[in-house]
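Asker: Coordinates for the following, if possible.
(chains A and B)
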Amino acid sequence: MLHISLAAEPIAHIGSFPITNSLALTWLVMALLIWASVAVSRNIKLIPSGFQSIMEVLIDGLYTFFESVVGHQVKMLFPLIASLFLFILVSNWIGLVPGVGTVGFFHHKEQVSEIAVPNETHEEELVVTEHVEENVEAAAAETESEVEFVPLFRGPTADLNTTIALALVAFAAIQYFGFKILGKKYTARFVNFKNPIMGFVGLLELVSDVSKVISFAFRLFGNVFAGEVLLSVMAFLMPFIAPMPFLALELFVGFIQALVFSTLTAVFVNVAASHEG
Amino acid sequence: MDANTWKLIMTGATIALGGAVPALAIGLITAKAVEAMGRNPEAASDVRTSMILGMAFAEAIAIYSLVIALIIKFV
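Answerer: As a prediction, this is how the structure comes out:
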């Protein structure tokens, strides 16, 4: 049977703090990015070679792209949006590595009953088994439903907690840069008593800014999680050649979503900073 | 019909309706962007950026319905 879980499952506990499988991979992504940045920036040469020149091409390409989006503010925004881009890109792609989501262990359901795994299916199965005449089959179904497969790793962005955290970072950055660029005048975007229309627009801006968090979080989570479901369904239907084009599609989607997340952050900062009230 | 049947039907209906309209929107966006790039190839990179942003907004609606469908199915 297909294993699809909407929430990340805990694989270990520190005290009462659960270490979920997506958190483990988040730490791996962080370690990878920190290692890469340290390895590149420790001995920067004027004439780059090897690893440094690859990273220079990457950073330079990102810089030119964001410059075409936000203009002269790119110098101030670049550290944030490039970090967002790189983190989301690596997170999306590391979730596609074979073994992530498929290597794991079996867990008895009673011990993990407090997490988001729905208990209804278990109960329904019990109800169904009462109607079944053959007791052998019923017993088999029961034991099967009690054992739960828990993958060791899960893509960081396939967990709603990660994407909500990223969306909150983007939201905070929009407000921070709005205040930094416009100063006290920035509050006029939300609270404006100049005339009734501007007052109403301020209310709308407030609602739209809060909805940005939801939209950011669900866009990224939805895309990545839908990709994982698509890949597992395809592998379930036809395990050999069929999933390959979808894997390529998911690589593309992962890149586009990282680009969209960072570009939208940059564009929203630009909109907030260019507000006149 | 019992609740489970309705759940299945609504899952399919949610993603079918929620996927059809954004698909149309993305098609229109791409068609117009390609037309603009053909008319003015120098502006191709600017048009491409706006096109991807517009597609992301249109696609977000499909993703919302996907999330709703998944919630109906699994929760």
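Asker: if I look at A:Met238, how far off is chain B?
Answerer: 21 Å (C-beta to the nearest C-beta, to the nearest Å). (Glycine included, C-beta is placed from N, CA and C.)
Asker: if I look at that residue, how far off is A:Phe246?
Answerer: 11 Å (C-beta to C-beta, to the nearest Å).
Asker: And the two? Which one has more around it.
Answerer: A:Phe246 (16 against 9; other C-beta atoms under 10 Å in any protein chain shown).
Asker: which residue does chain B bring closest to chain A?
Answerer: B:Ile63 (3.4 Å; C-beta to the nearest C-beta).
Asker: So for stretch A:237-257, mean pLDDT?
Answerer: Averaged over stretch A:237-257, pLDDT sits at 89.
Asker: Mind listing residues that contact it?
Answerer: With C-beta atoms under 8 Å, 6 or more residues apart in numbering or on different chains as the test, stretch A:237-257 has contacts from A:88-89, A:92-93, A:95-96, A:157, A:219-220, A:223-224, A:227, A:230-231, A:234-235, B:52, B:56.
Asker: Could you give me the ChimeraX syntax to select whichever of these are buried?
Answerer: Selecting only the buried entries of those in ChimeraX, with 16 or more other C-beta atoms under 10 Å in any protein chain shown as the criterion:
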select /A:88,89,92,93,95,96,157,219,220,223,224,227,230,231,234,235 /B:56
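Asker: give me phi/psi at the closest residue to B:Ala58 other than its chain neighbours?
Answerer: Leaving aside its sequence neighbours, B:Ala58 sits nearest to B:Ala25 (C-beta to C-beta, 6 or more residues apart in numbering or on different chains; 3.9 Å). Dihedral pair for B:Ala25: phi -60, psi -40, per degrees, to the nearest 10.
Asker: Give me the neighbour count for B:Ala25.
Answerer: 17.
Asker: can I assume it is in contact with B:Ala56?
Answerer: No. Using C-beta atoms under 8 Å, B:Ala25 is not in contact with B:Ala56; the gap is 11.3 Å.
Asker: What is the least confident helix or strand in chain A?
Answerer: helix A:120-131 (a mean of 46; mean pLDDT, DSSP states H and E).
Asker: What parts of chain B come near chain A?
Answerer: B:45-46, B:49, B:52-53, B:56, B:59-60, B:63-64, B:66-67, B:70-71, B:74-75 (C-beta under 8 Å from any C-beta of the partner chain).
Asker: Can you select the buried ones among those for me in PyMOL?
Answerer: Selecting the buried subset of these in PyMOL, with 16+ other C-beta under 10 Å as the burial test, is done by:
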select buried, chain B and resi 49+53+56+59+60+63+64+66+67+70
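Asker: Cross the residues of chain B next to chain A against helices and list the overlap.
Answerer: Among the residues of chain B next to chain A, DSSP state H puts B:45-46, B:49, B:52-53, B:56, B:59-60, B:63-64, B:66-67, B:70-71, B:74 in helices.
Asker: Can you pull the residues of chain A lying near chain B?
Answerer: Selection of chain A residues close to chain B by C-beta under 8 Å from any C-beta yields A:4, A:6, A:68-69, A:118, A:215, A:218-219, A:221-223, A:225-226, A:229, A:256, A:259-260, A:263-264, A:267.
Asker: For A:Phe78, state which of the residues of chain B next to chain A is nearest.
Answerer: B:Thr49 (16.5 Å; C-beta to C-beta).
Asker: Would you confirm that that closest one contacts A:Val260?
Answerer: No. With contacts defined as C-beta under 8 Å, B:Thr49 does not count as touching A:Val260, sitting 10.6 Å away.
Asker: Hmm, the residue of chain B closest to chain A is touching A:Gly222, no?
Answerer: Yes. Taking C-beta under 8 Å as the definition, B:Ile63 is a contact partner of A:Gly222 at 3.4 Å.
Asker: Look up phi and psi at A:Lys45.
Answerer: The phi/psi pair for A:Lys45 (degrees, to the nearest 10) reads phi -110, psi 160.
Asker: Surely it touches A:Glu56?
Answerer: No. Counting by C-beta under 8 Å, A:Glu56 is not a contact partner of A:Lys45; they are 10.6 Å apart.
Asker: Looking at those two, which is more packed in?
Answerer: Between A:Lys45 and A:Glu56, counted using other C-beta under 10 Å, A:Glu56 has the larger neighbour count: 13 against 8.
Asker: Excluding chain neighbours, what is closest to the more buried one?
Answerer: A:Glu56's closest residue in space is A:Pro48 (C-beta to C-beta, 6+ apart), at 5.6 Å.
Asker: Confirm that neighbour sits in a strand?
Answerer: No. Using DSSP: H, G, I helix; E, B strand; the rest coil, the assignment for A:Pro48 is coil, not a strand.
Asker: What is the neighbour count of the residue in chain A that chain B sits nearest to?
Answerer: Using C-beta to the nearest C-beta, the closest approach of chain A to chain B is made by A:Gly222 at 3.4 Å. Neighbours of A:Gly222 under the rule other C-beta under 10 Å: 23.
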